[in-house]
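> Compute the structure for the input listed below.
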Amino acid sequence: MTATYSPGSFTKNFSWDESYLRLHRSISNGFAGDDAPVTRERWRAQSGIADADRQLIPLNFFLHSIHGLHEDYVLVDQLVDTATDAYSDQFAQLALFSFHLANSGTWRNSKWPDGRVAGWANEFICNHAWMSDDWASDAFLDSALMTFIEENIDAEPVTKRKVFTNYRYMLQSAGILQGDALQPKNLRQRWLVDAIQLYWDRQILDGKLPSTANAATLEDSLVAQEIYKLLRCDIDQCIAFARAAYAEFSHGQAVHRANQVATLRDRGLIAA
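Numbers count the residues shown, from 1 in each chain. Take a look at the predicted model:
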């Protein structure tokens with residue numbers, strides 16, 4: 001198999017072996033408690049991360065950007081909203097979902113015009129780990145995961161090893177792995193509803209779904225994009241989560257997300 005993905009800045013140590021707390025703090029700091037878009041440069045300055053390369057980890061792998069006419073902007077979505085609450089395991093699970101979703105938007109000079117900075121992680125879950133409505137334990141064994149990275153990331157061996165190590169730490173800190181053992185899934189957690197809203201947010205921010213989309217359209221999009229695979233559930237369970245998510249999402253969240261882009265456009269900050 002030909003390697004098709006680049007590692008980006010994911011080789012940098014971001015304390016994944018401890019928790020997702022550093023990510024949580026940087027997102028909260030970067031928006032400075034506001035619920036409006038900020039420029040990527042302002043986000044970096046406010047993030048509390050001193051190292052310029054490490055600033056790119058939240059920006060390029062977890063958050064969502066839009067290309068501006070003079071400056072690029074980071075947009076508010078469910079992950080950003082969740083970072084305003086106290087840190088919890090639910091945030092870690094949602095952040096891992098955001099990473100696997102591999103939809104980071106666009107910005108000037110990006111090497112990933114499709115926004116799939118973590119495209120390799122999305123492919124790993126959807127096409128290698130997924131089996132019979134859950135993730136297969138064997139896919140997460142060191143040998144299997146390393147083989148996948150070897151075959152799908154275009155980089156030097158030492159770089160591939162760093163990607164492998166960081167990703168395993170992420171899985172462990174999110175409670176997905178204990179040692180090298182895949183933990184049983186728990187479908188009674190709040191992050192599953194948040195994840196569906198996060199997916200809808202980014203579809204609206206990208207203009208792929210209208211803010212006026214009805215429940216059926218939103219549910220169909222989830223199935224078409226195989227989001228259930230990222231949630232470790234079957235399609236029926238995904239639809240059940242979607243109905244719980246829609247009850248909240250339809251009360252202004254969809255409009256708020258669309259208005260961010262509309263406001264930037266009206267102010268002449270992004271292309272019409």
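
> Tell me which stretches of this protein form helices.
Remark: helices assigned in the chain by DSSP state H are 21-31, 40-46, 52-61, 78-82, 89-101, 119-123, 142-152, 157-173, 191-205, 215-224, 227-231, 235-248, 254-266.

> Output the longest one as CSV, nothing but the C-alphas.
Going back to what we said before, that points to helix 157-173. Listed next in CSV are the C-alpha coordinates belonging to helix 157-173 (Å, rounded to 0.1, in the frame of the first residue of the first chain):
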residue,chain,number,x,y,z
PRO,A,157,10.9,5.8,10.4
VAL,A,158,11.7,8.0,13.5
THR,A,159,8.7,10.2,12.6
LYS,A,160,6.4,7.3,12.1
ARG,A,161,7.4,6.0,15.6
LYS,A,162,6.5,9.4,17.1
VAL,A,163,3.1,9.4,15.4
PHE,A,164,2.5,5.9,16.8
THR,A,165,3.6,6.8,20.3
ASN,A,166,1.5,10.0,20.4
TYR,A,167,-1.6,8.3,19.1
ARG,A,168,-1.4,5.4,21.6
TYR,A,169,-1.0,7.9,24.4
MET,A,170,-4.1,9.7,23.1
LEU,A,171,-6.1,6.5,23.1
GLN,A,172,-4.9,5.6,26.6
SER,A,173,-5.6,9.1,28.1
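
> Buried residues in that helix, which are they?
Residues of helix 157-173 classed as buried by neighbour count (16 or more other C-beta atoms under 10 Å): 159-160, 162-164, 166-173. Placement of C-beta: from N, CA and C, glycine included.

> any chance of these in JSON lines, plus distance to G115?
What follows is those, written out as JSON lines (distance: C-beta to C-beta, whole Å):
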{"residue": "T159", "distance to G115": "22"}
{"residue": "K160", "distance to G115": "23"}
{"residue": "K162", "distance to G115": "23"}
{"residue": "V163", "distance to G115": "19"}
{"residue": "F164", "distance to G115": "23"}
{"residue": "N166", "distance to G115": "20"}
{"residue": "Y167", "distance to G115": "19"}
{"residue": "R168", "distance to G115": "24"}
{"residue": "Y169", "distance to G115": "24"}
{"residue": "M170", "distance to G115": "19"}
{"residue": "L171", "distance to G115": "22"}
{"residue": "Q172", "distance to G115": "26"}
{"residue": "S173", "distance to G115": "24"}
